[in-house]
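Undergrad: starting from these lines, generate the structure:
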Amino acid sequence: MTRKLPPTSANEDRPFFEQVYDLVRLIPYGRVTSYGALAAALGSPGAARMVGWALNKCHSVHPPVPAHRVVNRKGLLSGKHFFPGEGMMRDLLVSEGVRVEDDRICDFADCFWDPSTALDQL
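TA: Sure thing, here's the model as predicted:
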């Protein structure tokens, strides 16, 4: 079952990018999720690329959006080019205790945060 980000009634009228930012802010420190998992949790399972576009535009959004915690479905740091400086995305993840080798999350299944499951527990 797919749930929308709470509060459901207030969120349905919010722009998609804002919904993405709110959900990404819920990703726990030291955990990662995927573009597709975020899209599905927001009720738009085919919108993984739109989630990526939203995160590409979030670097000046306040409060900050921890976009470095979002990777592709295989655990690759596919959004690394949208961060300032060489290796910034990797460095942020490593600083949170996430192991990264060759721009891929090690133990991806262990540190994967499923927003749909997490929202069910709220």
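Undergrad: helices along this structure, start to end?
TA: Secondary structure of the chain (DSSP state H): helices located at 8-11, 16-24, 35-41, 48-56, 88-95, 108-111, 115-120.
Undergrad: right, and those helices - which one's nearest Asn72?
TA: Relative to Asn72, the nearest member of the helices of the chain by C-beta to C-beta is helix 35-41, separated by 6.4 Å. Every residue, glycine included, has its C-beta placed from N, CA and C.
Undergrad: could I get the CA-only coordinates of that closest one as PDB?
TA: Output in PDB follows, covering the C-alpha atoms of helix 35-41 (Å, rounded to 0.1, in the frame of the first residue of the first chain):
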ATOM      1  CA  TYR A  35      14.500   8.100  -6.400                       C
ATOM      2  CA  GLY A  36      12.000   5.500  -7.200                       C
ATOM      3  CA  ALA A  37      11.200   4.700  -3.600                       C
ATOM      4  CA  LEU A  38      10.500   8.400  -3.000                       C
ATOM      5  CA  ALA A  39       8.300   8.700  -6.000                       C
ATOM      6  CA  ALA A  40       6.300   5.600  -5.000                       C
ATOM      7  CA  ALA A  41       5.900   6.900  -1.400                       C
END
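Undergrad: what packs against it?
TA: Using 3 or more C-beta pairs under 8 Å, 6 or more residues apart in numbering; DSSP states H and E as the contact test, the elements touching helix 35-41 are helix 16-24, helix 48-56, strand 70-71, helix 115-120.
Undergrad: most neighbours per residue, which of these?
TA: strand 70-71 (a mean of 26; mean count of other C-beta atoms under 10 Å).
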